[in-house]
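# Quick one: sequence and predicted model below, then my questions.
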2 protein chains.
Amino acid sequence: MIKEIKIYKGDIIFCASPDKFTTLENGYIITENNKIKKTVCELPSEYSDCEILDFSGNLIIPGFVDIHLHAPQFENLGLGYDNELLPWLENYTFPEEAKFSDTEYAKIIYSKFIKALYTHGTTRSVVFSSLHLESTEILADLFLESGLGAYVGKVNMDRNSPEFLTENYEKSLEETEYFIKKYNSPDSLVKPIITPRFVPTCTPELMEGLSKLSEKYNIPVQSHLSENLSEIEWVKELHKEIGSYAKVYDHYKMFGDRPTIMAHCIHNTSDEIKLMQEKGVFVAHCPTSNFNLSSGIAPVRKFLDSSVKVGIGTDIAGGHTVSMPETIVAAIHASKMYNVYVDRSFHSLSISEAFFLATKGGGEFFGKVGSFEKDYEFDALIVNDTELNGNSRKNLQDRLEKYIYFGTKEDIKKVFVSGKEINRNRF
Amino acid sequence: MIKEIKIYKGDIIFCASPDKFTTLENGYIITENNKIKKTVCELPSEYSDCEILDFSGNLIIPGFVDIHLHAPQFENLGLGYDNELLPWLENYTFPEEAKFSDTEYAKIIYSKFIKALYTHGTTRSVVFSSLHLESTEILADLFLESGLGAYVGKVNMDRNSPEFLTENYEKSLEETEYFIKKYNSPDSLVKPIITPRFVPTCTPELMEGLSKLSEKYNIPVQSHLSENLSEIEWVKELHKEIGSYAKVYDHYKMFGDRPTIMAHCIHNTSDEIKLMQEKGVFVAHCPTSNFNLSSGIAPVRKFLDSSVKVGIGTDIAGGHTVSMPETIVAAIHASKMYNVYVDRSFHSLSISEAFFLATKGGGEFFGKVGSFEKDYEFDALIVNDTELNGNSRKNLQDRLEKYIYFGTKEDIKKVFVSGKEINRNRF
């Protein structure tokens, strides 16, 4: 097998662990077949003949990993936030999602959506589509064309939804299986994920069927958990026989039996958190969405202290932006207000912790993604922060912090996913 | 006197009151000598011969009014937010401000600062400089050159500050008086404002002297109030004889005796709030800063219900952005978390309320500014939201909401202050 060596030079900063940044000013990332072999300050002599992609003076940081967002809500960004979750779903989300029965509309919006992702430096994402099979195929195909990494889920919902967004459960399962078989390839950057919308919209029959598909094809799962108090009450009403919201998913073997992401997790009990830890369930922390819909603040410090896996999600269009840097800032803000108003013993998130969650934390769902350690895939952003950085010499951590807090998408000069540069003019 | 008529056409949206937007699709703003005469849907025939500045398809909105920010902290945007207020001042703010003893440095940074303001659509601002007279003159001169409206304050501080930022009170007063006399012109867009940094850094002698200057020249006042619990304790220690933080300013006749802005106001007592209402003191609500420095959330709904005047401040570099739209979003987020975690009876801010605060609310400090009603100065932004607006026809309120939540400075096509277009390539 031919070894393809590529070397990237620049001001490298990443988080191998949440507590601190690793920085290499004028450092080198050496990749072999698009996986990282070494990240070093000085180039070993054995590589002295290799070509170097020289980004000196620029930051090289891991691409952002967004582990919860809804592609068909892209057009709704910024709309309707005077509502809480349930009326917002009814008045904004569902009417917009219904439009994706039209594949032409899907093609237009999903192209814009994916363009927004790479423009903002999101290299991997875990995405809800709508219930429409054909539009979901379009979304997956566009992701493949873009070069970005993604898990794409055809949404399943067969009860408690508007008539125009209610499936027959057998058809729902059939279409889901078709989608899985079409896209389930181990080497692909784009893969299927089982996506029951959330408990209230899925009958027991549908949940059972999805669980079987997840097992049969070894497919991961994503859904929503404990975002809003009314929602939690609703789930209790619907499943009186099962003790908690988390346990409903667990009952159907879709709570960590395969890799699983649960979005929000604001109001979970200690038992639920224990179950999340035991079964390796990922929390998708979505602070912008939780602010916008007055849902509350997820206890991220408690998750981290309990060894629950956590990543960050923009949750568009509950979140108002696809920007992961803005969402990192919101995660820090949320944790600070949790500290001030809920529990002074919960230290707020530091900048390195929040950055970790947005890269390696969520990246773990994809395997070795989100860091510049050995064997990681080379997902990276080249950030020119000359303008931002201004007139005083700053250390790498300060430069990164400034980019996260006050940078914009215009500062991103190149985007790499698994060693390949993304063509940012494709869509 | 010659009447200069100018007519602006476009999709007009503004808040004359907090509870709702006024919208005129394809409307006209008719100005006479740069003040608004009429805002109408149909152009009256008497104006049919007048030239129209046609911005059809674009939003026309009032310019943003930022009533609290620190110009010499511009370079610190995005830095040091793992600290709370007092260590952050010591480690980040004071060392940076000290650099403004160098007028060359001041010229470079203040040019960038003012460019950032007009680029982000901030047409009027109420600004702290540093204690350095010459640099403060440079700041005022650059504002004059830019065409933006501003109150500029030379900071006063003569105790409890690092040695390199401690004035002799007599010199501080002399220089303040010099600055006032140089810039105090009724028709100027740029005016002086008395700026004791905050109680802990000002001796009684300095406070008395500043109060006299304020009275003698009829100059407004700005300072900080009740941002942080440690700060409040400190003030209590320093002024045991006076009952509260607000009353210290009141004792020195700098609490609404002339127009007054107090930044933050997070932890005020009911008596203090009553005093603010009685004396017409403006609160500068600075939600991004209050998040970043873990200060807490100001009870904006209580201020509004108590008829206390409120505007919004970015408080750079406690705040991490000069963007007023981002700060509007943060104000809404803060109010939602206040509702969830502090007091369910405090309704969160609606989008129209927050937009009102960022335009007409703070604009009142400047006179008739921040609205498109009769007799208001024509401060406006032309926003091209075609890209943002996307593929579905939206009403004006939805378009504005989308711009506030997901728009960027790139969407702003022109900036007008008092009827004159700002040259955005000046700096």
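Looks like it came in fine.

# in the stretch 101-250 of chain A, which segments are predicted with low confidence?
In the prediction, the stretch 101-250 of chain A carries no residues with pLDDT under 70.

# and it, which residues reach chain B?
Residues of the stretch 101-250 of chain A lying close to chain B by CB under 8 Å from any CB of the partner chain are A:105, A:108-109, A:112. C-beta coordinates here come from the backbone N, C-alpha and C atoms, glycine included.

# Just the ones of those residues in helices?
A:105, A:108-109, A:112 (DSSP state H).

# So which of the residues you listed is the closest to chain B?
A:I108 (6.0 Å; CB to the nearest CB).

# show me what contacts A:I404?
A:325, A:328-329, A:351, A:355, B:78 (CB atoms under 8 Å, 6 or more residues apart in numbering or on different chains).

# if you set the cut-off to 10 Å instead, what comes out?
Each residue near A:I404 by CB atoms under 10 Å, 6 or more residues apart in numbering or on different chains is listed here: A:61, A:323-326, A:328-329, A:332, A:351, A:354-355, A:358, B:78, B:320.

# now, which of those lie within strands?
Among these, DSSP state E puts A:I61 in strands.

# between the contacts of A:I404, which is closest to B:G362?
Ranked by distance to B:G362 (CB to CB), the contacts of A:I404 are led by B:H320 at 19.4 Å.

# That closest one contacts B:Y81, correct?
Yes. Between B:H320 and B:Y81 there is a contact at 7.0 Å, judged by CB atoms under 10 Å.

# all helices for the stretch 201-350 of chain A, in order.
Assigned by DSSP state H, counting those that start in this stretch, the stretch 201-350 of chain A shows helices spanning A:204-217, A:229-238, A:245-251, A:270-278, A:287-292, A:300-305, A:324-341.

# of all of the stretch 151-300 of chain A, which residue lies closest to chain B?
Proximity to chain B, evaluated over the stretch 151-300 of chain A using CB to the nearest CB, is greatest for A:F291 at 3.9 Å.

# May I ask you to confirm that that residue is in contact with A:A330?
Yes. With contact defined as CB under 10 Å, A:F291 reaches A:A330; the gap is 6.5 Å.

# Mutual contacts of these two, please.
In contact with both A:F291 and A:A330: A:319-320, B:329-330, B:333, using CB under 10 Å, 6+ apart.

# export those residues to JSON lines and tack on neighbour count?
Shown next, in JSON lines, are these (neighbours: other CB atoms under 10 Å in any protein chain shown):
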{"residue": "A:G319", "neighbour count": "30"}
{"residue": "A:H320", "neighbour count": "29"}
{"residue": "B:V329", "neighbour count": "27"}
{"residue": "B:A330", "neighbour count": "29"}
{"residue": "B:H333", "neighbour count": "29"}
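
# any idea which of those residues is closest to B:V152?
B:A330 (24.8 Å).

# okay, the residue nearest to the closest one when sequence neighbours are not counted: pLDDT?
With CB to CB, 6 or more residues apart in numbering or on different chains as the criterion, B:A330 has its nearest non-adjacent residue at 4.0 Å, and that residue is B:P287. Per-residue pLDDT puts B:P287 at 98.

# ok, B:P287 - how many residues close by?
By other CB atoms under 10 Å in any protein chain shown, 30 other residues sit near B:P287.

# Now do the same contact list for it.
When the contact criterion is CB under 10 Å, 6+ apart, the partners of B:P287 are A:333, B:295, B:297-298, B:300, B:312-315, B:319, B:326-335, B:337, B:349, B:354.

# What is the burial count for the nearest residue to A:E410 once chain neighbours are set aside?
Nearest residue to A:E410 in three dimensions, chain neighbours excluded: B:E410, at 7.9 Å (CB to CB, 6+ apart). The number of residues packed near B:E410 is 12, by other CB under 10 Å.

# Ramachandran coordinates for the residue of the stretch 301-427 of chain A found nearest chain B?
Chain B sits closest to A:Y405 of the stretch 301-427 of chain A, with a gap of 3.2 Å, by CB to the nearest CB. Main-chain dihedrals, A:Y405, degrees, to the nearest 10: phi -80, psi -30.

# Spell out which helix or strand contains A:N58, please.
If you go by DSSP states H and E, A:N58 is part of strand A:52-62.

# hmm, that strand in reach of chain B?
No. Using CB under 10 Å from any CB of the partner chain, strand A:52-62 stays clear of chain B, coming no nearer than 13.4 Å.

# any idea of the mean pLDDT for the helix or strand following that strand?
Remark: after strand A:52-62, the chain's next helix or strand is strand A:64-70, criterion DSSP H and E. Averaged over strand A:64-70, pLDDT sits at 98.

# again, but for stretch A:311-323
97.

# Between the two ends of that stretch, how far is it?
End-to-end distance of stretch A:311-323: 15 Å, with CA to CA, to the nearest Å as the criterion.

# now swap in stretch A:255-272 and tell me
OK, stretch A:255-272 end separation, CA to CA: 11 Å.

# Same check on stretch A:293-311?
So stretch A:293-311: terminal residues 20 Å apart, CA to CA.

# Okay, domains of chain A per the record?
Listed by automatic domain parsing, the domain ranges of chain A are A:5-62+A:371-426, A:64-366.

# now the last one, how far from the centre of its chain.
What it means is domain A:64-366. 8 Å (CA atoms, centre = their mean, to the nearest Å).

# Nearest the geometric middle of chain A, what residue?
For chain A, the residue whose C-alpha lies nearest the mean C-alpha position (CA atoms, centre = their mean) is A:I67; its distance is 1.6 Å.

# What separation is there between that one and A:A263?
Counting by CB to CB, to the nearest Å, the gap from A:I67 to A:A263 is 8 Å.

# again with A:T39
A:T39 is 32 Å from A:A263, by CB to CB.

# Could you do A:V322 as well?
15 Å.

# between these two, who's got more neighbours?
For A:V322 and A:A263, the more surrounded residue by other CB under 10 Å is A:A263, and the numbers stand at 30 against 26.

# list the contacts for that one?
Going by CB under 10 Å, 6+ apart, the list of residues near A:A263 reads A:67-70, A:126, A:128, A:198, A:222-227, A:282-286, A:289-290, A:298, A:311, A:313, A:315, A:318.

# Please state the backbone phi and psi of A:G153?
The phi/psi pair for A:G153 (degrees, to the nearest 10) is phi -120, psi 130.
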